[in-house]
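> I need the structure of the sequence given here:
(one chain, ligands or ions: 2)
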Amino acid sequence: MYHLIKGIYYELTREDEYSVLILGLDNAGKTTLLEKLKSIYGSGKEVNPDKIVPTVGQNVGHIRINSINLKLWDVGGQDMLRTLWKEYYAEAHAIVFVVDSTDRARIEECRHTLQTVITDEDTEGIPVLMLANKQDRDDSLEVEDIKEIFNRIAENLGARDSRVLPISALKGTGVTEAADWLTVRLARNRQYRPPDKR
Ligand code: G3D
Ligand code: MG
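Ligands and ions are numbered 1, 2, ... in the order given. The predicted model follows:
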């Protein structure tokens, strides 16, 4: 009897959780973004940006934003690690693609990489948020320029929700707006990709 009640209690108290993949080339600011989100919505402890080292493997953060539980995956962006991204697609409820707006030399590589992600059948229909990061820097491309670059792959986005937003992961500017967009879209898409239980 104890086990039955415990089991029912466990089922009733399990909560919805959405998995969000944070993707982008290496040095885009993915880990900085994850740490900023954790500091705004999570434990409140911020990691010193000097302590953030290139990600080998993955960083995972559990954060509750706007009453929605998120499991955020920051997967390494170096060339060799990108082949691993595919392993995560079928489980993901949304993709956040971080762009280094100052890295003009790799903007085409960036576009091509995003195209590969959104044309994968396992990401079909899930919301995609593109973040034009490092907007605090004087040498960054404007969000309008970044939009223009990504417009060229818009046809591959299909009917899914997508958006380009400017942020500074380092300063935190635009981060809550990005999180708001994301949580609204995750909830809206739940009948197509239902949340996990945790
Ligand atoms: P990654 O996880 O995508 O590989 P990181 O990228 O989060 O490790 O960030 C790479 C570098 O970009 C770091 O600088 C980090 O501080 C910087 N960065 C990330 N976001 C921003 C931003 O919004 N503005 C500015 N100015 N810099 C940012 P270092 O010097 O440590 O390599
Ligand atoms: Mg990293």
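
> Can you give me the pLDDT of Ile146?
pLDDT, Ile146: 92.

> Just the CA trace of whichever strand or helix holds it, in CSV.
In this structure, Ile146 sits in helix 143-151 according to DSSP states H and E. C-alpha atoms of helix 143-151 as CSV (Å, rounded to 0.1, in the frame of the first residue of the first chain):
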residue,chain,number,x,y,z
VAL,A,143,20.6,42.5,-35.8
GLU,A,144,19.2,43.6,-39.2
ASP,A,145,22.3,42.5,-41.0
ILE,A,146,22.1,39.1,-39.2
LYS,A,147,18.5,38.8,-40.1
GLU,A,148,19.3,39.4,-43.8
ILE,A,149,21.9,36.6,-43.7
PHE,A,150,19.4,34.2,-42.2
ASN,A,151,16.6,35.2,-44.4
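
> Is Asp26 in contact with Gln78, as I believe?
Yes. Between Asp26 and Gln78 there is a contact at 4.6 Å, judged by CB atoms under 8 Å. Bear in mind the C-beta positions are built from the backbone N, C-alpha and C, glycine included.

> Between those two, which is the more surrounded one?
Each of Asp26 and Gln78 has its neighbours counted (other CB atoms under 10 Å); Asp26 has more, 15 against 12.

> ok, for Val98, nearest residue in space, not its chain neighbours?
Once flanking residues are discounted, Val98 sits nearest to Gly24: 3.6 Å by CB to CB, 6 or more residues apart in numbering.

> Spell out which residues sit in contact with the one you found, please.
When contacts are counted by CB atoms under 8 Å, 6 or more residues apart in numbering, Gly24 touches Lys30, Gly77, Phe97, Val98, Val99, Asp100, Cys110, Thr113.

> and which of the residues you listed is nearest Ala169?
Nearest to Ala169 among the contacts of Gly24: Val98, at 7.4 Å, using CB to CB.

> That closest one belongs to a strand, doesn't it?
Yes. Judged by DSSP: H, G, I helix; E, B strand; the rest coil, Val98 forms part of a strand.

> Count the residues that sit near it.
28.

> same check, this time on Val164
Neighbours around Val164, by other CB under 10 Å: 19.

> what pairs with it across the strands?
Counting by DSSP bridges, Val164 forms beta bridges with Met130.

> wait, isn't it in contact with Met130?
Yes. With contact defined as CB under 8 Å, Val164 counts as touching Met130 (4.5 Å).

> Tell me the residues that contact both of these two, please.
With CB under 8 Å, 6+ apart as the test, Val164 and Met130 both reach Ile146, Phe150.

> The longest helix anywhere in the chain: how far from the chain's middle?
Ordering each helix of the chain by length in residues (DSSP state H) puts helix 175-188 first. Relative to the chain's own centre, helix 175-188 is displaced by 10 Å; criterion: CA atoms, centre = their mean, to the nearest Å.

> Equivalent analysis for stretch 62-77, please.
That offset, for stretch 62-77, works out to 8 Å (CA atoms, centre = their mean).
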